[in-house]
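Q: what's the 3D shape of this:
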Amino acid sequence: MPRQDGTGPQGQGFLTGRGMGPCGQGLGMRRGCGCGWNNFSPLRNYPTKKEELEILKEEAQALEQDLKAIQERMKELGE
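A: The predicted structure follows:
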């Protein structure tokens, strides 16, 4: 995750990358690799409520776009 700020690749939110960084390669077992996202880290760098709300809004928007694309493809296939 660039800058370890919770924004993920291209500002799309966490868990949106390809898992190619150290956290996705087994070193961190997808738990933030000691960068503040697990219970063992002294940093405990959790997002604020405002940041989490923004992350969830962005995720919902992305899911809506995905659903729209799926529905359009289903119409193309005769559904």
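Q: Give me the buried positions along stretch 55-69.
A: For stretch 55-69, burial by neighbour count (16 or more other CB atoms under 10 Å) applies to 55, 58. Bear in mind the C-beta positions are built from the backbone N, C-alpha and C, glycine included.
Q: pLDDT on that stretch, on average?
A: Mean pLDDT, stretch 55-69: 96.
Q: mind checking the SS state of residue 6?
A: Under the three-state scheme (DSSP: H, G, I helix; E, B strand; the rest coil), residue 6 adopts coil.
Q: so what's it up against?
A: Contact analysis of residue 6 by CB atoms under 8 Å, 6 or more residues apart in numbering lists 13-14, 45, 47, 51, 55.
Q: so what are the domain limits for the chain?
A: With domains defined by automatic domain parsing, the chain comprises 1-46, 47-79.
Q: Confidence-wise, which of those is weakest overall?
A: Of all those, domain 1-46 carries the lowest average pLDDT, namely a mean of 62.
Q: Report how many residues lie close to residue 77.
A: 7 (other CB atoms under 10 Å).
Q: all strands of the protein, in order?
A: Under the criterion DSSP state E, the chain carries no strands.
Q: any chance you could map the helices in it?
A: Residue ranges of the helices in the chain, as given by DSSP state H, are 49-76.
Q: Many thanks, we can stop here.
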